[in-house]
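**Q** my questions are about this predicted structure, shown below with the sequence.
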Amino acid sequence: MLMLDRRTLLRSGSAAVGATALAAPAVARAPQLSKAQPGFYRFKLGAIEITVVSDGTLAFPTETLWGDRAEDARSLLTSAFQPSSPVGLQINTILVNTGDKLVLIDAGCGLDKFQNTNGRLLGHLASAGYAPGDIDMILFTHFHFDHLWGISDSKNASLLFPSAEFVASEAEVAFWSDPGLPGKVSAKQQPLVTQTNLKLASPRLRQIKAGAEAAPGVTTFDTAGHTPGHMSVHISSGREEMSSPATSSPTRRSASCIRNGRSGSTWTRRWRLRRAWPSSTAQRPTRR
Ligand SMILES: [Zn+2]
């Protein structure tokens, strides 16, 4: 066996480095990778497995989000060292695996339908280990484009989730299905595209009242305001629970939208996760 003492090893190492340096210029070129991370985050909630799946990001001018409160928003964002305009919003969907059912909460923007920084849902679902055909149910918090349009292809011509039942609140379906919708919402919201997607979904659409349990452990509650039929979702298993307010602020211009700092992570998706404490324990935290 060849044995090298420390001095010999150091000498041979430096000689090798020197030889390499003289032989040829270092080649460090490698293709830059466009994906920094897989686009999902997974954790357990009791016996349920939750996977937060990114659809990408959106960016809007401050005025679009906060109107006459834009100046307040800009100053708050600046004080938090955040860009004040355009404002970036994270679009996340929530995949709930109850063990028996795969429930996707909201479906993102869809590919090539809005800004080119979103529509990533299917790719990120694949990274997380799921195909569109695996999804049993898509539960909608509301029907804005960044929650609904992801159910169909880029032409809004066919559905992408072949086995999914679609579930939404009666009030939300009534509002967005109204033939008079184009006169009720801004043209920027492209109401006809939303109605096209609703027509596609309608054969598999189940309407519920806010408060109903959509799947075991997945319960809705009424947070109308952002849209007329907006619902938030409460998920529980054993002694653990969490709630997804989604976009449940009373109005888009509500100060509560930006109270917690970066608007993208608060206005679009505000998540609270807490451990459930035994009800008999005096230390039980107050539900906020
Ligand atoms: Zn919305």
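**A** Arrived safely. Every value quoted in this text rests on a predicted model; they were computed, and no experiment measured them. Numbers count the residues shown, from 1 in each chain.

**Q** would you enumerate the residues in contact with residue 153?
**A** 110, 111, 160 (Cβ atoms under 8 Å, 6 or more residues apart in numbering). All C-beta spots, glycine's among them, are computed from the backbone N, C-alpha and C.

**Q** dump the residue contacts of the residue lying closest to the second one once chain neighbours are set aside.
**A** Using Cβ to Cβ, 6 or more residues apart in numbering and skipping residues adjacent in sequence, the residue nearest residue 111 is residue 119, 3.6 Å away. Residue 119 makes contacts with 55, 56, 108, 109, 110, 111, 112, 113, 150, 154, as judged by Cβ under 8 Å, 6+ apart.

**Q** so the second one sits in a strand?
**A** Put plainly, it is residue 56. Yes - with DSSP: H, G, I helix; E, B strand; the rest coil as the criterion, residue 56 is part of a strand.

**Q** count the neighbours of it for me.
**A** Neighbour count of residue 56, defined by other Cβ atoms under 10 Å: 23.

**Q** among the contacts of residue 153, which ones lie close to the ion?
**A** Residues of those in contact with the ion (Cβ under 5 Å from the ion): none.

**Q** can you tell me which of these lies nearest to the ion?
**A** residue 110 (14.7 Å; Cβ to the ion).

**Q** skip the chain neighbours and tell me the closest residue to the single nearest residue of the stretch 1-150 of the chain relative to the ion.
**A** The stretch 1-150 of the chain approaches the ion most closely through residue 144 (3.4 Å), counting by Cβ to the ion. Leaving aside its chain neighbours, residue 144 sits nearest to residue 227 (6.7 Å; criterion: Cβ to Cβ, 6+ apart).

**Q** residue 207 now?
**A** Of all residues not flanking residue 207 in the chain, residue 170 sits nearest, at 4.5 Å (Cβ to Cβ, 6+ apart).

**Q** low-confidence bits of the stretch 101-250 of the chain, can you list those?
**A** 247-250 (pLDDT under 70).

**Q** on that earlier part again, does the residue of the stretch 1-150 of the chain closest to the ion really touch residue 191, like I thought?
**A** No - applying Cβ atoms under 8 Å, one finds residue 144 not in contact with residue 191, separated by 10.6 Å.

**Q** on that earlier part again, residues in contact with the residue nearest to residue 207?
**A** Residue 170 is in contact with 207, 208, 209, 229, counting by Cβ under 8 Å, 6+ apart.
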